[in-house]
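J.: Requesting a structural model of the entry that follows:
(3 chains)
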Amino acid sequence: MALDFGILIQVLFWGLYAGCIYILLATGLNLIFGVMKIVNFAHGELLMLGAYITATVFVLSGFNPYVLIPFTMFVLGLIGIGVERLCFRPILGTGKLNEIFLSLGLIYIFQNGVALIWGDDRQVLNSPYQTISVPIGDIQLPLDYIIIILVTALILVGLYVLLRRTDLGRALRATSQNRKGAMIVGINVERMDMISFGIGSGLAAAAGTLWVVSGQVFNPYMGSLPAIKAFAIIILGGLGSIPGAIVGGLIYGIAENGAAYFLGGIWKDSISFLILIVVLIFRPTGLFGEEGE
Amino acid sequence: MRVEKAVLYRYLTAIALGISVLLPLLAGMSFYILNVAIIMLTLILFSSAWNFLAYSGQASLGHAAFFGIGAYVSTLIARATGFPPFGTILFGGLVAAFIGLLLGLTCVRLKEWFLAMVTFGFAVILQVVIASSLAPTTGGWDGIGSPRLLPAEIPGYLAYEYYAVLAITVVSILCIHLILRSRVGLAFAAIRENELEARASGVQPVRYKLLAFTVSSFFAGVAGALEIHHISFISPEIFHAELSFWPVIYCIFGGLGTIIGPILGTVILTVVWEGLKGFGLTYARFVIIGVMLILVVIFLPRGLVSLPEEIRKWKSVRKAPLGPDKGSDR
Amino acid sequence: MDKKQIALILGILLVSAALLAGCTQQQAPPQGIKMGAVVSLTGAGSNVGKHMKQAAEMAVSEINAQGGVFVKAYNKKLPITLIVADDETKGDSAVKAVTKLISEDNVDILVGGYSSGVTTATQGVIAEKKVPYVVTGASSPDITRRKDVNTSYFFHYCPTTAMYGQYTILFVDQVMRPAINERFEFPDNRTLRLAVLYQDSAYGKGVLNGVISTITANNLNIEIVSNQSFKLGETDFRTTLTAIKAAKPDVIYPAAFPSEQIPIVTQARRDLNLNTIILAVETNDNPDYYKGIGRFGEYSILESRFSPYTVPPTSVAAADAKFKADYIAKYGAFPDMMGVSTYEGVYVAAKAIENTGTLDKAAVRDALANLQMPQMVEAIKGGIIKFSPDYREVQFELFMTQLIWDDKAGENRPKIVWPENQKEASFVLPDWYQAGTG
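T.: Purely as a prediction, here's the structure:
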């Protein structure tokens, strides 16, 4: 299987683009986990909701789906805040098992609620730029993918600025580093919880929109697997570490495609779990060993 | 009139057993009800097995793996050797237990949600292995037929099958009950509450966690073998995530950490599920179950079993509003 | 614990018992034929299950509008009561649903069944109770070939994966090969290079086996140069397609569902610049597919038996158009492949009952085995619907269409290019086509 240079570049490019969605998911998860220290297995459903909202608005209004990203992020941010207040806040501190169980309930509600409203057919949207490709050298790179990578980068930069340069960001980081200390200093930690959940959900919404825009198939059940892989990524990259999530996302994107190429497509999902299991056997607290609890 | 808890439980158990034994007659030997009942019994056993593991603080999200392993091993041995299925389910359970032990070894040092993910991933990987790598033996995605527990030619065989499954389930749950009531159960509870402290008091968490995994997987495997021999067909779809989630839901609903919890949860939710189906609801069923689950987790974290107690507490608080604050349980 | 708690717990038990009784209660059935429809209303198969249910309902209401089915034993026409059960696309739920249909609803005959694995799981119960079952959605040939279960009550009224593979490969050999050889001036004995990309499931594997057995049985000069599988629900095929591209195929045959086929076509043509002909299985022939693949599907091939945009110019044309129009008027959507076979399946079942004049299950079974009725909406080989004596399958007249771009519609439209007796146009090898090797 000789890989000529052109194909290699393309494979890396696709790995990069596929990694974008994982990165957005993982970063959102890390933010939520960092501040609230909770696990929400239903995070993938937020991605799925983002996809459906964008798709619906796009079909109804014809707005360019890229333009819809901020809108969808906002809507999902609100939904996220609602979920946090109604569901997660009451059980905060009652143990990890409860969080897992709650997530299960949320998964059922979101997946089947969407199926009720939109039907559970697999759907696909065609981006307005679908047929445009940018020639670089003698390789054709579809415009959509370039835009997706740029948008992801933009969002990540925005997040960085938020966390490092604003007061809100400082408050969020303080809460994630030391909750009690933050309370003493006067930070409203419950508000931080809500905000972090909202931002995390917004990031998932962006991931969902990009998923739809790139012409990928979506249905009510599409969120679970990317979310689980996002979890694997942040375990690998280190809980609460955003650079770790980015690097982890890229590694995963490439590893999956490598496995698909050399072992066969059916091993694609298993490879994520295999890597996870192997890593956890040797380092039970994850690669970059955060305390985690 | 206050009845002693223990005496009450004895009454209730007797009534429950009585109903179970009389079920075939009560249902008029209905083919449908007996079928549902047999499948429900295997799910009760499966839920109890999961509950056993959760009792030690290890919440597996991939328990369908052991259900499936028990089913496949039992089916393959029965087909290859002609052994009666009632014997091969034992082997199914043993192989599941062994693999459970191995998986437990990888999970002993993991925190709850790492463990949840690893167990989930294990089921995913296992499905691919059984469907593809081992396809020549397991029949791959086409699946293979599984010998019935009792030949259909015997008149009234379904009732006999029901009693056999009932007996196996009752005996298994009794075993689980005895183990949990013993020192082992205490050790599980200690580990679940706070592993560090448990270790400080001389309990060796690793040993007990492995024991929990092994025993839980054994019974899960037996449950799987029973169900598949009843349905008489198996395919890799048995490793689907949904099957892993049901025992979790049943147990939370009924009451984690109790013997009755899994039983109550399985029975009530199965009945509710079939009832909702009868009303023609499709996706709404799942939404309803999801909402019920969240309500239980938030308001009734110890499950339906604790409902009487919670009502009593709520009432006593209302009666004495100026009394001492009952205190947040958090 | 006190009396109140005992009361509460007993109360819960009683309510549960009531609910259980509720779901087994039948409304007093009208005097008529009871037909059970086993469909997937939830779960992975639900998008097809919806159409199977609606098509069955439409057929039943049409039959009942004529008064029903004449049953000689009662010397009058009996209406059909359709009882729909959801198998949830899962084996154990299917067994429960079918058991209920048989023992509580006392159905006389069954139609439906989509997922092969789920349908196979129900065979034990159905064979034991000896209820005739016209399977109208599951594509695995094993359903009527199993040795460990008595399959004599199962009648397969839809094509199997073996048939998909067979028709498609014969087309490739008889039409595509000469076109390719002529364009590139290849020698006649050049081996054709085929790549198969199949879904890892009974469906995908079944198609692959159909391909292999057709090649072997007919001694065709075709080599499978690449054979890749993917998991059900996969959305990113780029890496797999890269592997296929590296094997230099002349033609690619994906065995996939529309949600996978669409990305396969798009990614192959756009991202990988695979300038080959891509084939497709009939499961993909619905309006969403044409919309989804856009221009990238131009010149691709689609095996089918019932297309939303074309009708074979044969005697079924009128019935085909009428059925489509009626279904769309009633349900607002295209009926889907399994919808049309379920619609016909109901008629087949009704005809068998009429022929034998009684509701006795064994007699109905025999009537099905000996059935001969004229084709209805879909073309059948020889124009007569009959079940083969060995495995009770029906020889559907499948056809191959080629998708041609239609500016006015803004999408591709199919043209039937094979077999000869159904042809609308000739197969076209596009200018951009590149053979695998020189």
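J.: Going by C-alpha atoms from here, please, whenever you check contacts or count neighbours.
T.: OK.
J.: how deep is the residue nearest to B:Ser244 when sequence neighbours are not counted tucked in, by neighbour count?
T.: Of all residues not flanking B:Ser244 in the chain, B:Ala64 sits nearest, at 4.7 Å (CA to CA, 6 or more residues apart in numbering or on different chains). Look at B:Ala64: counted by other CA atoms under 10 Å in any protein chain shown, it has 32 neighbours.
J.: How about C:Ile212?
T.: C:Ile212, neighbours per other CA under 10 Å, totals 19.
J.: for C:Ala425, same thing?
T.: Neighbours of C:Ala425 (other CA under 10 Å): 14.
J.: For B:Gly145, name its beta-bridge partners.
T.: With beta bridges defined as DSSP bridges, B:Gly145 has these partners: B:Phe233.
J.: need the contact list for it.
T.: B:75, B:232-234, C:148 (CA atoms under 8 Å, 6 or more residues apart in numbering or on different chains).
J.: Say whether chain B is contacted by the biggest helix by length in chain A.
T.: If you go by DSSP state H, chain A has its longest helix at helix A:5-36. No. Counting by CA under 8 Å from any CA of the partner chain, chain B has no neighbours in helix A:5-36; the shortest distance is 12.2 Å.
J.: Buried ones in that helix, by neighbour count?
T.: Neighbour-count burial for helix A:5-36, with 16 or more other CA atoms under 10 Å in any protein chain shown as criterion, is recorded at A:10-11, A:13-36.
J.: re the thing from before, could you dump the contacts of B:Gly145 into TSV with distance to A:Gly186, pLDDT and neighbour count added?
T.: Formatted as TSV, the contacts of B:Gly145 follow (distance: CA to CA, whole Å; pLDDT from 0 to 100; neighbours: other CA atoms under 10 Å in any protein chain shown):
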residue	distance to A:Gly186	pLDDT	neighbour count
B:Thr75	63	94	30
B:Ser232	64	87	23
B:Phe233	62	89	26
B:Ile234	60	91	29
C:Asp148	73	84	12
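J.: so where's chain A uncertain?
T.: A:1-4, A:6-7, A:11, A:137-139, A:285-293 (pLDDT under 70).
J.: Do a quick rundown of the helices in it.
T.: With DSSP H applied, chain A shows helices at A:5-36, A:43-61, A:69-83, A:89-91, A:96-118, A:143-165, A:167-177, A:179-185, A:189-213, A:224-237, A:242-263, A:268-282, listed in chain order.
J.: Please identify the most buried of the ones you listed.
T.: Of the helices of chain A, the one with the most neighbours on average (mean count of other CA atoms under 10 Å in any protein chain shown) is helix A:189-213, at a mean of 27.
J.: for it, packing partners?
T.: If you count contacts as 3 or more CA pairs under 8 Å, 6 or more residues apart in numbering or on different chains; DSSP states H and E, helix A:189-213 packs onto helix A:5-36, helix A:43-61, helix A:69-83, helix A:167-177, helix A:179-185.
J.: now it against helix A:224-237, angle please.
T.: Interaxial angle, helix A:189-213 versus helix A:224-237 (axes from the mean of the first three to the mean of the last three CA atoms, to 10 degrees): 120 degrees.
J.: what about the stretch 201-350 of chain C, any weak spots by pLDDT?
T.: For the stretch 201-350 of chain C (pLDDT under 70), the answer is none.
J.: Flag every residue of it that's near chain B.
T.: Residues of the stretch 201-350 of chain C lying near chain B (CA under 8 Å from any CA): C:201-202.
J.: closest point of the stretch 201-350 of chain C to chain A, which residue?
T.: C:Phe230 (4.5 Å; CA to the nearest CA).
J.: Establish whether the helix or strand where C:Ile252 lies and chain A are in contact.
T.: Counting by DSSP states H and E, the element that carries C:Ile252 is strand C:251-255. No. Applying CA under 8 Å from any CA, one finds strand C:251-255 separated from chain A by no less than 13.3 Å.
J.: by contact count, what packs against that strand?
T.: strand C:192-199, helix C:202-217, strand C:277-278.
J.: Among those, which comes closest to C:Ile385?
T.: Among those, the nearest to C:Ile385 by CA to CA is helix C:202-217 (22.7 Å).
J.: Could you list every helix and strand that that closest one packs against?
T.: For helix C:202-217, the packing partners by 3+ CA pairs under 8 Å, 6+ apart come out as helix C:116-129, helix C:161-171, strand C:192-199, strand C:251-255.
J.: possible to save the ones you listed as TSV with distance to C:Lys351?
T.: Output for the helices and strands packed on helix C:202-217, formatted as TSV (distance: least, CA to CA, whole Å):
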stretch	distance to C:Lys351
helix C:116-129	21
helix C:161-171	25
strand C:192-199	36
strand C:251-255	34
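J.: now A:Gly44: how far from B:Ile130?
T.: 27 Å (CA to CA, to the nearest Å).
J.: and if you look at A:Phe88?
T.: Distance from A:Phe88 to B:Ile130, by CA to CA: 38 Å.
J.: likewise B:Ile311?
T.: Taken as CA to CA, the span from B:Ile311 to B:Ile130 is 48 Å.
J.: quick one, which of the two is more surrounded?
T.: Shown here are B:Ile311 and B:Ile130; by other CA under 10 Å, B:Ile130 has more neighbours (22 against 12).
J.: Pick the one among the contacts of B:Gly145 closest to chain A.
T.: Among the contacts of B:Gly145, and counting by CA to the nearest CA, the member closest to chain A is B:Ile234, at 20.5 Å.
J.: ok, the helix or strand where B:Leu211 lies near chain C or not?
T.: In this structure, B:Leu211 sits in helix B:205-231 according to DSSP H and E. Yes. Helix B:205-231 is in contact with chain C by CA under 8 Å from any CA, via B:Ile231.
J.: chain center to that helix: distance?
T.: Distance of helix B:205-231 from its chain centroid, counting by CA atoms, centre = their mean, to the nearest Å, is 9 Å.
J.: got it, and stretch C:127-141?
T.: For stretch C:127-141, the distance to the chain centre is 14 Å (CA atoms, centre = their mean).
J.: now the end-to-end length of it.
T.: First-to-last residue span, stretch C:127-141, CA to CA: 17 Å.
J.: Determine the angle, from 0 to 180 degrees, between the helix holding B:Leu211 and helix C:116-129.
T.: 50 degrees.
J.: Tell me the spacing between the closest residue to C:Gln228 other than its chain neighbours and C:Ile224.
T.: Nearest residue to C:Gln228 in three dimensions, chain neighbours excluded: C:Leu197, at 4.8 Å (CA to CA, 6+ apart). According to CA to CA, C:Leu197 and C:Ile224 sit 11 Å apart.
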